[in-house]
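Chemist: Here's a sequence, model it:
(2 chains)
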Amino acid sequence: MNSTTDRNTGDVVQAQELTKMFGEEAAVDSLTLHVPRGTIFGFIGPSGCGKTTTVRLMTGVHKPTSGQVTVLGKDPYKFSKSDREKIGYLIQNFVLYPELTVWENLNFAASFYGVSLLGRAKRFNRLLEFVELKEDKGKLASALSGGMKRRLSLAATLVHNPELLFLDEPTAGIDPLLRRKFWDYFKELQNEGHTLFVTTQYVGEAAYCDLVGVMYDGKLLMVETPDALRKKAFGGEIVSIKTSEWIKFESRKKLETLPSVHGKIKVISDQEIELIVDEASTAIPALIEACKAERISIETIEEISPPFDDVFVKLIEKETNNEKVV
Amino acid sequence: MRRLSKFLIRISSFISKELTEILRQPRLILTLVFGPFLIMFLFGLGYPEQNRTLRTTFVAEDPSTLQGNMELFTGSASPAIANQEVESDLDLALAKLALNQTDLVIAIPEKPLETVENNQQAVFVIYHNEVDPFQIAYINSIARIYVDDVNRRLLQTVTEQGQANAGDLQTNLEGAIAKTQALKQAIPPGDTSTAAQVTDLEKDLTTAHDQLATFRSLGASVLVNPFNADTKPLSSIVFTPTEFFAPAVIVLLLQHLSITFASLSIVRERRSGIIELFRVAPISAFETLIGKFLSYLLFEILLAGVITFLAVWLLKVPMFGHWTSYALAVVVLLFTSLGVGFLISLISQTDTQAVQYSMLLLLASIFFSGFFLDLRLMWEPMKVLAWSLPATYGIRMLQDIMLRGASAPALVLYGLALIGVALFFVDWLVLRRRMEG
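Modeler: Numbers count the residues shown, from 1 in each chain, chains lettered A, B, ... in the order given. So this is what the prediction gives:
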């Protein structure tokens, strides 16, 4: 595949049956995915499931055992220097130099990527402002907190203004507030036209992504939008109905027979139930009608979004029970 | 042009990074600069230009058998033997030796002069309590000097006695010559045969008399020591131990510092994981290595300059050669040592392992580089090991330049440079493999 094809399809990363074996063990097993240009692609899975190996295959650190991967239209293992200049890679741990200051670390990264000396200061200031480290530019990296180090790493990754960013667990080990801030940064970067491939083990962070790939035990279970992921996990969207009175067993059975409702109704309490429907927007009017017919006085009826932790657990349960989820 | 500028920018990343990291540790710099200087200074103080004096106990179990010649055996011309005491009990003297109260015990043989007169060698047994082979060699040499000295003084005494005795003989000969002359005049004129015999006798007596006169006119010490040796170096300068060892110390320090710095450099980056970033970034193994070589070379040159300045101007270590030769030798030494260091860094798994390898190399350099044992004494096959160490080349070059005022031997300089280039090539191949995963 060449870069022209990529521009036509709009995919910056294409992987086909990508496999990486370490001895007899498959770290990545027959992975197939596409990352469209300008998206935030979340790569979610538990620790040790093959996320980092996938990133290493995509950045040319590892050579695939079988299958193919192209990044920006090229085989990453055969990247030229100019190809590499288009890529930014944030490694899982802080790997910059503790004896250098924030500014010196950026300078090192910039020289490392061959960034011209002209206009460097302006770019560094802008980046430090972006990651909120401008006041700390003279501090030694060893004197920074864990969160600040991650922000410095991010700034160093952006120093050469890469087209495509591979961020390997950028939010690992930092507090929820800072994690949220990181996702704000990522959103801003996306708005500036960057494509981001972000791995994370925080399932809840899937909500910030345009597309989410769910990885488990070296296998890619699915690639979906966050909403579609929920649907796949629960078999549809979830609608919650709260009533002012007790809902009779017969009435619940009636609602279960509606064509838009799937499976059994989940009873949360005497006055609250949850139903799985195809499309909440079309199912809610039908449910209101059905409740009227059953003389159920609705207090609230709404679509609910279960936390992604639940979504992920559900998906993994299905995978381990060998249910077809993709 | 753009590619060249990017190449230079990438290389510069390491130069500024490595130098900043080092310069940010002032205590380290101070130790590196003044540490070696202090070591050389203390070395000079600790080893003054003096031989070791040995406290000596003489044992004469029966002094009466020495026939009043005690001084002949216990007085030594060698300043290395300090007569501590004369004992009559060998066991007591040996006990003192074991307790380190004396350094040597010289057992004077019983009836030594009588033994010699009986046409036998009298043997002095010299006891010591050393384990150091160099000290044992020193004592053996002092023992030889002592016995030579005793032999010489004995001969001198005997010669003096002989000369004194020859005085009487000479007087007797003079009387005999006078009597021969009287006899010659008493021979009847026709008895030519008897006259001729007496004339021959007179001649023989005169010759013997003259020879005795010559024998007596020579000093006894000249007769005993007719020849002596006087060693003269080509250079008229005699170096103190500090001056002699200074070039080798500079070489060992520079080699060790280069190897230690370089050996920790890449292994740390591999441990921290930043090498993974190197693999993804548009920087090649060649650029990485060039950048690292240049940064450490710059720093080490600076360090070498300061150490040399302190050694030459403050410690007054001699420098008879050209500074350009010196600079060239040092740069080649540093370049090759860095090559060794980076190789260690590339094959080591941890910092500790890298430091251990560096220390092993330092140890090998101390023993095999000719630092304190002359390479000419080394078993030929082992010289291969010696000449695989940068320090061996460095010591040879700096001693020639600084102490002899010569240039670095071309074969040594080019040999070291060739090793340096080969090491750079090997480092590059290994780093490329590491960066390719």
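Chemist: check contacts around the residue in chain A that chain B sits nearest to.
Modeler: Using C-beta to the nearest C-beta, the closest approach of chain A to chain B is made by residue A:111 at 3.1 Å. Backbone N, C-alpha and C define where each C-beta goes, glycine included. Counting by C-beta atoms under 8 Å, 6 or more residues apart in numbering or on different chains, residue A:111 touches B:9-10, B:12-13, B:16.
Chemist: cutoff 10 Å now
Modeler: By C-beta atoms under 10 Å, 6 or more residues apart in numbering or on different chains, the contact list for residue A:111 reads A:117, A:120, A:159, B:6, B:8-17, B:283, B:291.
Chemist: same question for the helix or strand where it lies, mean pLDDT?
Modeler: Assigned by DSSP states H and E, residue A:111 falls within helix A:102-112. Averaged across helix A:102-112, pLDDT comes to 93.
Chemist: can you check stretch A:288-296 too?
Modeler: Stretch A:288-296 shows a mean pLDDT of 88.
Chemist: out of everything not next to it in sequence, what's closest to the residue of chain A closest to chain B?
Modeler: Leaving aside its sequence neighbours, residue A:111 sits nearest to residue B:13 (C-beta to C-beta, 6 or more residues apart in numbering or on different chains; 3.1 Å).
Chemist: In contact with the one you found, which residues?
Modeler: Residue B:13 makes contact with A:107-115, B:281, B:283, B:287-288, B:291, B:295, according to C-beta under 10 Å, 6+ apart.
Chemist: mind checking the SS state of it?
Modeler: helix (DSSP: H, G, I helix; E, B strand; the rest coil).
Chemist: what separates it from residue B:291, distance-wise?
Modeler: Separation of residue B:13 from residue B:291 (C-beta to C-beta, to the nearest Å): 6 Å.
Chemist: Over to residue B:155?
Modeler: 75 Å.
Chemist: The two - which one has more neighbours?
Modeler: residue B:291 (23 against 16; other C-beta atoms under 10 Å in any protein chain shown).
Chemist: Tell me if I'm right that that one and residue B:266 touch.
Modeler: No. Look at residue B:291 against residue B:266 with C-beta atoms under 10 Å: they stay out of range, at 11.6 Å.
Chemist: returning to what we had before: from the contacts of residue B:13, which two are the most distant?
Modeler: Largest separation among the contacts of residue B:13 by C-beta to C-beta: A:115 and B:295, giving 18.9 Å.
Chemist: Show the residue spans covered by the helices in chain A.
Modeler: Using DSSP state H, the helices of chain A run over A:3-9, A:51-59, A:81-84, A:102-112, A:120-130, A:146-158, A:176-191, A:226-234, A:249-256, A:280-293, A:308-320.
Chemist: what angle separates the fourth one from helix A:146-158?
Modeler: Which is helix A:102-112. Compare the direction of helix A:102-112 with that of helix A:146-158 by axes from the mean of the first three to the mean of the last three C-alpha atoms, to 10 degrees and you get 30 degrees.
Chemist: Likewise for the second one?
Modeler: In terms of direction (the same axes, to 10 degrees), helix A:51-59 departs from helix A:146-158 by 20 degrees.
Chemist: For helix A:51-59, buried residues please.
Modeler: For helix A:51-59, burial by neighbour count (16 or more other C-beta atoms under 10 Å in any protein chain shown) applies to A:51-59.
Chemist: Report pLDDT for residue A:325.
Modeler: 46.
Chemist: sorry, that was for residue B:323
Modeler: Note for residue B:323: predicted pLDDT of 96.
Chemist: before we move on, what about residue B:211?
Modeler: At residue B:211, pLDDT is 89.
Chemist: in which helix or strand would I find it?
Modeler: Using DSSP H and E, residue B:211 sits in helix B:192-217.
Chemist: what helices or strands is the next helix or strand after that helix leaning on?
Modeler: Downstream of helix B:192-217, the next assigned helix or strand under DSSP H and E is helix B:220-224. Helix B:220-224 is packed against helix B:133-186, with contacts defined by 3 or more C-beta pairs under 10 Å, 6 or more residues apart in numbering or on different chains; DSSP states H and E.
Chemist: Outline the domain layout of chain A.
Modeler: Segmentation of chain A into domains, based on automatic domain parsing, reads A:3-230, A:234-320.
Chemist: weakest of these by average pLDDT?
Modeler: domain A:234-320 (a mean of 85).
Chemist: now that one, how far from the chain's geometric center?
Modeler: 28 Å (C-alpha atoms, centre = their mean, to the nearest Å).
Chemist: Between its first and last residues, how far does that domain reach?
Modeler: Distance across domain A:234-320, first residue to last, is 15 Å (C-alpha to C-alpha, to the nearest Å).
Chemist: go on, stretch A:11-31?
Modeler: With C-alpha to C-alpha applied, stretch A:11-31 spans 16 Å between its terminal residues.
Chemist: For chain A, what is the nearest residue in chain B?
Modeler: residue B:13 (3.1 Å).
Chemist: quick one: pLDDT of that residue?
Modeler: For residue B:13, the predicted pLDDT is 86.
Chemist: How about residue B:43: what's its closest non-neighbour residue?
Modeler: Using C-beta to C-beta, 6+ apart, the closest residue to residue B:43 is residue B:242 (5.8 Å).
Chemist: so how many other residues sit close to the one you found?
Modeler: So residue B:242, with other C-beta under 10 Å, has 22 neighbours.
Chemist: List the residues that contact it.
Modeler: Neighbour list for residue B:242: B:40-49, B:249, B:311, B:315-317 [criterion: C-beta under 10 Å, 6+ apart].
Chemist: Also residue B:300?
Modeler: Residues counted as contacts of residue B:300 (C-beta under 10 Å, 6+ apart) are B:32, B:254-255, B:257-258, B:261-262, B:330-331, B:333-335, B:337-338.
Chemist: For the helix holding residue A:111, output the C-alpha coordinates as PDB.
Modeler: Output in PDB follows, covering the C-alpha atoms of helix A:102-112 (Å, rounded to 0.1, in the frame of the first residue of the first chain):
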ATOM      1  CA  VAL A 102      12.600  20.800  31.500                       C
ATOM      2  CA  TRP A 103      13.900  23.200  28.800                       C
ATOM      3  CA  GLU A 104      17.100  21.200  28.200                       C
ATOM      4  CA  ASN A 105      15.100  18.000  27.800                       C
ATOM      5  CA  LEU A 106      12.900  19.700  25.200                       C
ATOM      6  CA  ASN A 107      16.100  20.900  23.500                       C
ATOM      7  CA  PHE A 108      17.500  17.400  23.400                       C
ATOM      8  CA  ALA A 109      14.300  16.000  22.000                       C
ATOM      9  CA  ALA A 110      14.200  18.700  19.400                       C
ATOM     10  CA  SER A 111      17.700  18.200  18.200                       C
ATOM     11  CA  PHE A 112      17.100  14.500  18.300                       C
END
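Chemist: Check the offset of that helix from the chain's centre.
Modeler: The chain centre lies 28 Å from the centre of helix A:102-112; the measure is C-alpha atoms, centre = their mean.
Chemist: Stretch B:410-427 too?
Modeler: How far stretch B:410-427 lies from its chain's middle: 29 Å, per C-alpha atoms, centre = their mean.
Chemist: quick one: buried residues of that stretch?
Modeler: Residues of stretch B:410-427 classed as buried by neighbour count (16+ other C-beta under 10 Å): B:412-413, B:415-417, B:419-420, B:423-424, B:427.
Chemist: Show me what the helix or strand harbouring residue B:36 is in contact with.
Modeler: Element membership for residue B:36, per DSSP H and E: helix B:26-46. With contacts defined as C-beta under 10 Å, 6+ apart, helix B:26-46 is touched by B:22-23, B:25, B:240-243, B:245-246, B:249-250, B:252-254, B:256-257, B:261, B:299-300, B:302-303, B:305-307, B:309-311, B:314-317.
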